[in-house]
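S.K.: whatever this is, show me its structure:
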Amino acid sequence: MIRTALFISLCAVPAFADVTSPSGKTVECYCTDTQGSRVELGESICLRVDGRAFMAQCDMSLNVPIWRDTGQGCLSSQAPPEPSPAERMFQLL
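M.R.: Below is the predicted model:
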């Protein structure tokens, strides 16, 4: 049983290794957000795509950085909507 667990854990180690090019140089892998800013692997941000806002995590799939939907809504989309100017005026009265 211990041998099997050790074998499985050692097989998973290469999955966490850095990506290297054929020349042996380490390739930096990262995602970009809708503004073109760099987002590191493992980081989660709120993405807005086609009118939909959702939390996504920068991940790797087949040696390609991808955005993986976490299934959670963005914190900003869960906040109550701001009152309109007319509603604010009535709140002040």
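S.K.: from residue 52, how far out is the closest residue to residue 41 other than its chain neighbours?
M.R.: Nearest non-adjacent residue to residue 41, counting by C-beta to C-beta, 6 or more residues apart in numbering: residue 58, 5.3 Å away. All C-beta atoms are positioned from the backbone trio N, CA, C, and that covers glycine. Residue 58 is 18 Å from residue 52, where distance means C-beta to C-beta, to the nearest Å.
S.K.: for the protein, give me the ranges with low pLDDT.
M.R.: The model of the chain has pLDDT under 70 over residues 1-22, 24, 27, 76-82, 91-93.
S.K.: which strand in it has the most residues?
M.R.: In the chain, taking DSSP state E as the definition, the longest strand is strand 52-61.
S.K.: show me what it is packed up against.
M.R.: strand 44-49, strand 64-69 (3 or more C-beta pairs under 8 Å, 6 or more residues apart in numbering; DSSP states H and E).
S.K.: what's the closest of these to residue 85?
M.R.: Residue 85 sits nearest to strand 44-49 of all the helices and strands packed on strand 52-61, at 24.8 Å, using C-beta to C-beta.
S.K.: name the residues of the closest one that are buried.
M.R.: If you call a residue buried by 16 or more other C-beta atoms under 10 Å, then strand 44-49 has these buried ones: residue 47.
S.K.: who does it touch, helix- and strand-wise?
M.R.: Counting by 3+ C-beta pairs under 8 Å, 6+ apart, the packing neighbours recorded for strand 44-49 are strand 52-61, helix 75-78.
S.K.: right, so these: which one is the most enclosed?
M.R.: Per-stretch averages of neighbours, counted by mean count of other C-beta atoms under 10 Å, single out strand 52-61 among the helices and strands packed on strand 44-49, with a mean of 16.
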